[in-house]
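Chemist: the sequence and its predicted three-dimensional model are supplied below.
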2 protein chains.
Amino acid sequence: MKKKLQAYLQELFHLQSVIRLAEWDQLTYMPAKGADARGKQLSLLERLYHQRLIAPELDEYLEEMAQDQTLSEIDQSMYRVLKRERDRAIRLPESFVTAFSEHKAYSYQQWLKAKEANDFSIVAPAMKDTLSYTKEYLQYFSRTEHIADPLIDEGDEGMTVSRVRKLFQELKDQLVPFVREITNRPQLEDAFLHLHYPREKQLEIISKILPDLGYDSQRMSQDFAAHPFMTKIAHDDVRITTRVNEYDLVDGLFSSIHELGHGLYELNFSPTFEGTPLHEGASFGVHESQSRLLENLVGRSLPFWERYYPALQEQFPSQLGNVSLKQFYQAINRVKPSLIRTEADEVTYNLHVMIRFELEMALLENDLTVDELPTAWNEAYQRNLGVYVSSDREGVMQDIHWYCDFLGGMFHGYTLGNLLSAQFYQAAVKSSPQILNQIQEGNFQPLIHWLTEHVHRHAHQFTPDQIVERATGTPIQVQPFLDYLQGKYVSLYAIN
Amino acid sequence: MKKKLQAYLQELFHLQSVIRLAEWDQLTYMPAKGADARGKQLSLLERLYHQRLIAPELDEYLEEMAQDQTLSEIDQSMYRVLKRERDRAIRLPESFVTAFSEHKAYSYQQWLKAKEANDFSIVAPAMKDTLSYTKEYLQYFSRTEHIADPLIDEGDEGMTVSRVRKLFQELKDQLVPFVREITNRPQLEDAFLHLHYPREKQLEIISKILPDLGYDSQRMSQDFAAHPFMTKIAHDDVRITTRVNEYDLVDGLFSSIHELGHGLYELNFSPTFEGTPLHEGASFGVHESQSRLLENLVGRSLPFWERYYPALQEQFPSQLGNVSLKQFYQAINRVKPSLIRTEADEVTYNLHVMIRFELEMALLENDLTVDELPTAWNEAYQRNLGVYVSSDREGVMQDIHWYCDFLGGMFHGYTLGNLLSAQFYQAAVKSSPQILNQIQEGNFQPLIHWLTEHVHRHAHQFTPDQIVERATGTPIQVQPFLDYLQGKYVSLYAIN
C-alpha cells in the first residue's frame, strides 16, 4: 500500500477511535447533563470523518489501486472494503445524513415518552418518519432483488433478504415444535439465582473467570454500562462493559462473558491491519457468533461449570450451599418463552428475532402500516412464542432499536450469530476434540487459538461467507445450531 | 458576535473538549497498552485544532471585530483572548511544535529510567534539549524585560518575572523565619492519620462531604487517577479525580476537595461563554486559588471539622475513637519541612515553589547548567527548608513536570494561587462575616455564592489582575496569606 494512502487511512482510523471513545464515555462515565455537548462533539467528529471518506483525494488512491496489477492479496481486500465504505458514503446526500441524524434524536425522545406513558401512539408519528427515511435511504442504492437488501448487506456483506428468509424458515420449522416439546415438560427450578448476591462478590467471581477466558488487562478495560457493549478504541485498547444486578446471579457474569467474546475477536485481529479498514469484524453476524459462542456454548456448558461451580459455591455459601452442580446447570439453561428478547434463553431467542425481522420486512414491503404494528407484534408473539403481550411497553416498545436507527438491517444478525456460533464451535471441536476436556480444566487457550487462526486474525480481510467456508468447510448452515440445541436440551428436559 | 465566527469557535471548543476527554481517559481508564495509539489520536486532534486556530479565515473574523466600533464589552474580551491565543499559535513554526512534542515523549521515558535508576545523568541530555527548546520557544516572542516573561504570561496573563520575584521576596522574607519559629516548637502528633483506613470507608466519607461543598453529580463525575486532576469537557461535564491511600486518611479527602475547588470554578462559569475562548479560567494562579481556598482555608479549618469530625469519628471508631477534634485539627495542619512538594504542608509549600522558580530562572539566564542542577537543588533545600536531599529521586527528579514540558511557566502559579486563595477568602469573609458560622453548619452556599459572583462566573472575561482588583479592591498581595498563616499557626504551635 502506498505511504500516502496509509497515512490517509491512519487519520480516518484515529478519528474513528476518538468517535468510539466519545461514545463509550457517553455510556459509562459521562455525567447526565453532558449529553447535549456530547451530541455536538460527536456530530463534529462524524462530519470530519465523513469529509475525509468522501474526499476526492481518496478517489485518486482508489483509482491507483484499481489499476495496479501487482496488488497483494491483502491490498486487494483493503481495496474491496474501502471502496465499499466510500461508495456507501458518497451515495448519501449530506442533507439526508443531517436530517436523519436529527430525526433519530427526536425519535429517541418520543420513544422515551411513549414508553413511559405506555402509549405507542405518541411515538407512532416519529416511527412513520423513520420508515420514510429508511425507504429513502434504500432508494439511494441500485435496484436489488429485495428493497431491503442494501440494509442487510451493510452489516452482513453478501447477505440478502432471501438468504435470511431461507435460513430462518428452516430454523423455525424445527424450532417451534422443539420449544413446544420443551414447554410440555416439567419446568426446571431457578429461583435460587434470584436471591441476594452482593455486587462486590459478583465482581470478584467475574474477575476470576474473565482472565482464564483471555481477558487481557493490559489491552482491555471492563467498565459499567446500563446496556453492556464492546467497543474498540485501538488494537491495544478494547473496552468491554457489564452491569450487575444484585438479584440475578448470572446477568452480570454472562453479559461479561458475552462482551468478552466480542472483545477477544477484536483483540486477536492481525495487528498489521491496525490503521486500515480491514481492522474490523467481518460482519455483524460473525461478530455476534464470537460473543454467543463464549457466552452460551462455553459459558452455559456443563464442563465449564464443572470447573467453576465450586468457586462460585464458595463465594456464595448461604445462597448456593445446598444447590448441586446439576441444579445450577439446569437453572442457567432454563427455557421459558417470554416477552423480552434480551432476557430470552438460547432456544427461544431466535423466535424473537424472526418476529422482528418479518415485521420489519412487512413494513418495508408496505404490507403493514406503523399503526397496525402493535397488533401485528402481539399476534406474532402469541402465535410463535405462545405468550400474551399485555402492554406495548413490554411489546413493540421494549427496546430502543427501532427508535434510534433505520428499520431493519440489525436484528437478523443476532440469529446469524447464533447459527455461526454453533457452526464454528462444531468445527473447532471436530479439529481438536480435546477442547471439551480442556474447558473442564479451565484451559481455553486451544479453543481461542482455533478461533484466532480461523476467524479472529482475518478480521475483515475476507467476506463473511469466505470466513465461514474457510473455517468450517461449508456455507452458513442451520443444522449445527439445531444439533447443539438438541444435544443439550433433550437431556436437560429429559425429552424422549 | 457574528454567527459565522460563533460557529467557527464552537468547532474549536468541541475539538478541545474531545482532546480533553482523550487526555482524561488516558489518565483514568485507558488500558496501559493503549498509550501508543492514544498518542497518535491526540496528535491528530491537536493538529486539527491548531490548523483551525491559525486558519486565515479566523484572521478575517478578527479583523472585522477589530474594526467594529460597536462591540459589546464581552465581545471585546473575546477579541482579546482569541487574538492572544491565535497570535501565540501563529508564532510557532509547525516543525517546532512537532519536534518538541516528540521530544517531550522521549524526555518522559528518560525521566522514568533515570528515576528508576536514581541516576540524573540518564535524563540530563534530554533535559539539556528541553532547555534548548524552551529558549528557542522564547525566541519566537518579541523582546520582553525578562527572557522568561512570555512563558509566565502564557498561563498567568499580565504576570512577569519581575512581578513574581517581588512577591516571592516579600513572602520569603517573612516565611523563612516563621517556619523556623514553628520548627522550634514541640511537634504536633499525626501518627493516627496513618493507621489503616479501608478504601471503601474513605470513599463513603468523601461522597458525604463533596455534595455539601457543591459537587453536582448531574454535571460532574469523580474518577480515580494516580495524580489527581480536574478537566472540563463541557460546561455541564466537569471531571475531577482522586486517589485513595489506605494508610493516609486525608490524602484522598483533601485531594478530592482540592480538585472540587477547581471543578466548581469551571462549573460556575457564565453559561453564555460556552463554546467561546472566554469559557476558561482567568489564569493558572486564579484557578489554583480556588482549589487551595477550598482545600486549605475551608477544608483544613476548625469550623469545617467542627461540622464533619463527628461523622469521621463514627466512620472510623477504632482509629479515631480516642482522638479529640483538637488533636485531629492539629494533625491535619502539622508543619514539617520535607523533600516532596506535593506532600508539603501549606506553610512550607511555597518554599518548594520558590526554589523551583529560581532554579528555572537560573537555567534560562545561563547562570546554571543542567549538570549543576542536582547540586544546586540540594543546596537550596538545605538552605531554605533545612532538609538534606539524600537522593536525586527525591530531589530534582521527584516529579514529572520538568521532564514533560518547557522549563518554567508553571510552578510560580501554585504560589500565586496560595496568595490569592487567602486574598479572596479575606474579601469574602469581610463582605459576609457569617460565612464562618455557616461553614460550621455545613452550609457553603454563601461562600460559593460570593466566589461565583466575584470570580467564577467571569471566567476569562477579565484579566487576572482585573479579577483580583474587582473582587478584593487591591492588586495581588502577600499580606492576606501571611496574615492567614499567622492567625492559624501561631495558635496551633502556641508561638508567643
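Modeler: Received it, and whenever you're ready, just let me know what you need. Numbers count the residues shown, from 1 in each chain, chains lettered A, B, ... in the order given.

Chemist: taking the stretch 251-400 of chain A, what residue is nearest to chain B?
Modeler: Scanning the stretch 251-400 of chain A for proximity to chain B using C-beta to the nearest C-beta identifies residue A:274 as nearest, at 7.9 Å. (Glycine included, C-beta is placed from N, CA and C.)

Chemist: the closest residue to that residue other than its chain neighbours: how many residues sit nearby?
Modeler: Excluding the flanking residues, the one nearest residue A:274 by C-beta to C-beta, 6 or more residues apart in numbering or on different chains is residue A:235, at 4.2 Å. For residue A:235, the neighbour count with other C-beta atoms under 10 Å in any protein chain shown is 23.

Chemist: residue A:235 touches residue A:276, doesn't it?
Modeler: No. Using C-beta atoms under 8 Å, residue A:235 is not in contact with residue A:276, being 10.8 Å away.

Chemist: and the stretch 101-250 of chain A, which residues reach chain B?
Modeler: Residues of the stretch 101-250 of chain A lying near chain B by C-beta under 8 Å from any C-beta of the partner chain: A:217-221, A:223, A:233-239.

Chemist: swap in 7 Å and give it another go.
Modeler: Residues of the stretch 101-250 of chain A lying near chain B by C-beta under 7 Å from any C-beta of the partner chain: A:217-221, A:223, A:233-237.

Chemist: buried subset of those?
Modeler: A:219-221, A:233-237 (16 or more other C-beta atoms under 10 Å in any protein chain shown).

Chemist: can you list these in JSON lines and add pLDDT?
Modeler: Below are these laid out as JSON lines (pLDDT from 0 to 100):
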{"residue": "A:219", "pLDDT": "98"}
{"residue": "A:220", "pLDDT": "98"}
{"residue": "A:221", "pLDDT": "97"}
{"residue": "A:233", "pLDDT": "98"}
{"residue": "A:234", "pLDDT": "97"}
{"residue": "A:235", "pLDDT": "98"}
{"residue": "A:236", "pLDDT": "98"}
{"residue": "A:237", "pLDDT": "98"}
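
Chemist: those: which two are farthest apart?
Modeler: Within these, A:221 and A:235 form the most distant pair, 14.5 Å apart (C-beta to C-beta).

Chemist: quick check: closest non-adjacent residue to the spatially most central residue of chain A.
Modeler: Among the residues of chain A, the one closest to the centroid is residue A:288, at 4.3 Å (C-alpha atoms, centre = their mean). Nearest non-adjacent residue to residue A:288, counting by C-beta to C-beta, 6+ apart: residue A:417, 2.5 Å away.

Chemist: for whichever strand or helix holds the one you found, which residues meet the burial criterion?
Modeler: For residue A:417, the element it lies in under DSSP states H and E is helix A:411-431. Neighbour-count burial for helix A:411-431 flags A:411-429 (criterion: 16+ other C-beta under 10 Å).

Chemist: need the three-state assignment for residue A:112.
Modeler: Put simply, residue A:112 is helix when judged by DSSP: H, G, I helix; E, B strand; the rest coil.

Chemist: so what's it up against?
Modeler: By C-beta atoms under 7 Å, 6 or more residues apart in numbering or on different chains, the contact list for residue A:112 is empty.

Chemist: for it, give its distance to chain B.
Modeler: 17 Å (C-beta to the nearest C-beta, to the nearest Å).

Chemist: packing partners of the top helix by length along chain A?
Modeler: The helix that spans the most residues within chain A, counting by DSSP state H, is helix A:3-28. With contacts taken as 3 or more C-beta pairs under 7 Å, 6 or more residues apart in numbering or on different chains; DSSP states H and E, helix A:3-28 sits against helix A:35-54, helix A:56-67, strand A:230-234, helix B:3-28, helix B:35-54.

Chemist: 6 Å instead, please
Modeler: On a contact count with 3 or more C-beta pairs under 6 Å, 6 or more residues apart in numbering or on different chains; DSSP states H and E, helix A:3-28 meets helix A:35-54, strand A:230-234, helix B:35-54.

Chemist: give me the residues contacting the first one.
Modeler: Pointing back at helix A:35-54 there. A:12, A:15, A:18-19, A:22, A:26, A:86, A:89-90, B:11, B:14, B:17-18, B:234, B:237 (C-beta atoms under 6 Å, 6 or more residues apart in numbering or on different chains).

Chemist: what angle do helix A:3-28 and that helix make with each other?
Modeler: Here helix A:35-54 runs at 160 degrees with respect to helix A:3-28, directions being taken by axes from the mean of the first three to the mean of the last three C-alpha atoms, to 10 degrees.

Chemist: hey, C-alpha coordinates of helix A:35-54 in PDB?
Modeler: What follows is helix A:35-54, C-alpha atoms only, in PDB (Å, rounded to 0.1, in the frame of the first residue of the first chain):
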ATOM      1  CA  ALA A  35     -25.300  14.800  26.800                       C
ATOM      2  CA  ASP A  36     -26.100  17.900  24.800                       C
ATOM      3  CA  ALA A  37     -22.500  18.900  24.400                       C
ATOM      4  CA  ARG A  38     -21.500  15.300  23.600                       C
ATOM      5  CA  GLY A  39     -24.000  15.200  20.800                       C
ATOM      6  CA  LYS A  40     -22.300  18.200  19.300                       C
ATOM      7  CA  GLN A  41     -18.800  16.900  19.800                       C
ATOM      8  CA  LEU A  42     -19.800  13.600  18.100                       C
ATOM      9  CA  SER A  43     -21.500  15.400  15.200                       C
ATOM     10  CA  LEU A  44     -18.400  17.400  14.600                       C
ATOM     11  CA  LEU A  45     -16.200  14.300  14.700                       C
ATOM     12  CA  GLU A  46     -18.500  12.400  12.400                       C
ATOM     13  CA  ARG A  47     -18.600  15.200   9.900                       C
ATOM     14  CA  LEU A  48     -14.700  15.300   9.900                       C
ATOM     15  CA  TYR A  49     -14.700  11.500   9.300                       C
ATOM     16  CA  HIS A  50     -17.300  11.700   6.600                       C
ATOM     17  CA  GLN A  51     -15.500  14.600   4.800                       C
ATOM     18  CA  ARG A  52     -12.300  12.500   4.700                       C
ATOM     19  CA  LEU A  53     -14.200   9.400   3.500                       C
ATOM     20  CA  ILE A  54     -15.800  11.200   0.500                       C
END
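
Chemist: can you give me the buried ones in it?
Modeler: With the criterion 16+ other C-beta under 10 Å, helix A:35-54 contains buried residues A:37-38, A:40-42, A:44-46, A:48-49, A:52-54.

Chemist: surely residue A:221 is in a strand?
Modeler: Yes. Under three-state DSSP, residue A:221 falls within a strand.

Chemist: and the gap between it and residue A:238?
Modeler: For residue A:221, the distance to residue A:238 equals 8 Å [C-beta to C-beta, to the nearest Å].

Chemist: quick one on the thing from earlier: let me know the closest of the buried ones among the residues of the stretch 101-250 of chain A next to chain B to residue B:6.
Modeler: residue A:233 (31.6 Å).

Chemist: now do the strands in chain A.
Modeler: All strands of chain A, identified by DSSP state E, fall at A:220-224, A:230-234, A:237-242.

Chemist: now tabulate those in a markdown table and tack on distance to residue B:442.
Modeler: Below are the strands of chain A laid out as a markdown table (distance: least, C-beta to C-beta, whole Å):
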| stretch | distance to residue B:442 |
| --- | --- |
| strand A:220-224 | 31 |
| strand A:230-234 | 41 |
| strand A:237-242 | 36 |
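
Chemist: good, wrapping up.
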